Every structure is written in structure tokens, then in C-alpha cells.
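Asker: would you be able to build a 3D model of this:
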Amino acid sequence: MKSDARRRARVRLDERLRVLQPVDRFRPPPKGWIRALRDALGMTGAQLGHRMGIRPQTVEAIEKSEAAGSIQLSTLRRAAEALDCTLVYALVPNSSLDETVDARARQIAMRDLQRVAHTMRLEAQETSGSDFEARVQAYIRDRLSERDLWSEA
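Answerer: Have a look, this model is predicted:
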């Protein structure tokens, strides 16, 4: 089943990314990684510029753009290579990917079923809370496709 394969892929990806938690360990220094590494190595801006084949003023602009969060990945990669480093790039989910999918499915089911519940209340046909939870689970299981979770309705 396609959704089972997707779930296994999410679990594998979560396992790979778990080593990056907590992400605050990787928060860049105030002036950025390039400047921090260059300073730690005792390398001047002119020396880094020479290694990158650019002017010292451009090194300063690159360091400022990294600190501001506007640097291009290709530029960051070139600077990393000139500093004898490897650029590591990752998107780290705030919760497990399964939890994200489950929460989104629940959000959609609740939204859709709340509309029906409201109509039923108006018609004095309200159901119990436990029945509503069972309907939410059934709605997720029977009506929602993972591909539909991310379309805005």
C-alpha cells in the first residue's frame, strides 16, 4: 500500500534527522559561521578572499549576508570549502513527520465534522463526545488521503 510505504519513509527520515535534535545546538554565532571559523583559524578577510578568489570587501559582504540570513547556499558552500569545511544543510521537523501528518489529518477531520455537528445541533440531533471522536477517527481512515492533507480548502 502506498501510504504504508510513505509511513515507513517518514519513520526512516525521522530516524536520520533525530541526531540533529535539539536544533538550538546549531544556532549560528551572532556574526555567522564564516566569521566565527575564520577568526578561530586566525585567517584574515583578505586571506579568505584570496582562497575564494574574491576581494576582501566581498568577504565582508558575504559575512554580513550570512549573519542576516540572506546568503545564497552556493556562496556559503564556496566559503566552507575555502575554510576547509563541509556545508551541512538540513530541514529538521519540529515534531516527528508522523505526528505532523496525524495532526493535519485530525485538524481537517475536525473542521469538516464540526460543520456537520453544527447542523445536527441546529436540528436537535447532536451526538455524544465519544461518538464524535469515533467519527473523527473513521473520517481520517475512510475519507482522507495523505495527498489531500496539504491542499488548502
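
Asker: look up phi and psi at Ala82.
Answerer: phi -70, psi -20 (degrees, to the nearest 10).

Asker: and it, how far from Met52?
Answerer: 5 Å (CB to CB, to the nearest Å). Where you see a C-beta, it was placed from the backbone N, CA and C, and this is true even at glycine.

Asker: pick out whichever of the two has more residues nearby.
Answerer: Ala82 (21 against 17; other CB atoms under 10 Å).

Asker: neighbours around the closest residue to the more buried one other than its chain neighbours, how many?
Answerer: Leaving aside its chain neighbours, Ala82 sits nearest to Arg51 (4.0 Å; criterion: CB to CB, 6 or more residues apart in numbering). By the measure other CB under 10 Å, the count of residues near Arg51 is 16.

Asker: for Arg51, pull up the helix or strand it's in.
Answerer: Taking DSSP states H and E as the criterion, Arg51 maps to helix 45-52.

Asker: got the CA coordinates for the following helix or strand past that helix in PDB?
Answerer: Moving toward the C-terminus from helix 45-52, the first helix or strand encountered (DSSP H and E) is helix 56-68. Extracted as PDB, the C-alpha positions of helix 56-68 are listed here (Å, rounded to 0.1, in the frame of the first residue of the first chain):
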ATOM      1  CA  PRO A  56      38.300  41.300   0.900                       C
ATOM      2  CA  GLN A  57      35.300  43.700   0.700                       C
ATOM      3  CA  THR A  58      33.300  40.900  -0.800                       C
ATOM      4  CA  VAL A  59      34.200  38.600   2.100                       C
ATOM      5  CA  GLU A  60      32.900  41.300   4.400                       C
ATOM      6  CA  ALA A  61      29.600  41.500   2.400                       C
ATOM      7  CA  ILE A  62      29.400  37.700   2.500                       C
ATOM      8  CA  GLU A  63      29.800  37.500   6.200                       C
ATOM      9  CA  LYS A  64      27.200  40.200   6.700                       C
ATOM     10  CA  SER A  65      24.700  38.400   4.400                       C
ATOM     11  CA  GLU A  66      25.300  35.200   6.300                       C
ATOM     12  CA  ALA A  67      24.600  36.900   9.600                       C
ATOM     13  CA  ALA A  68      21.500  38.500   8.200                       C
END
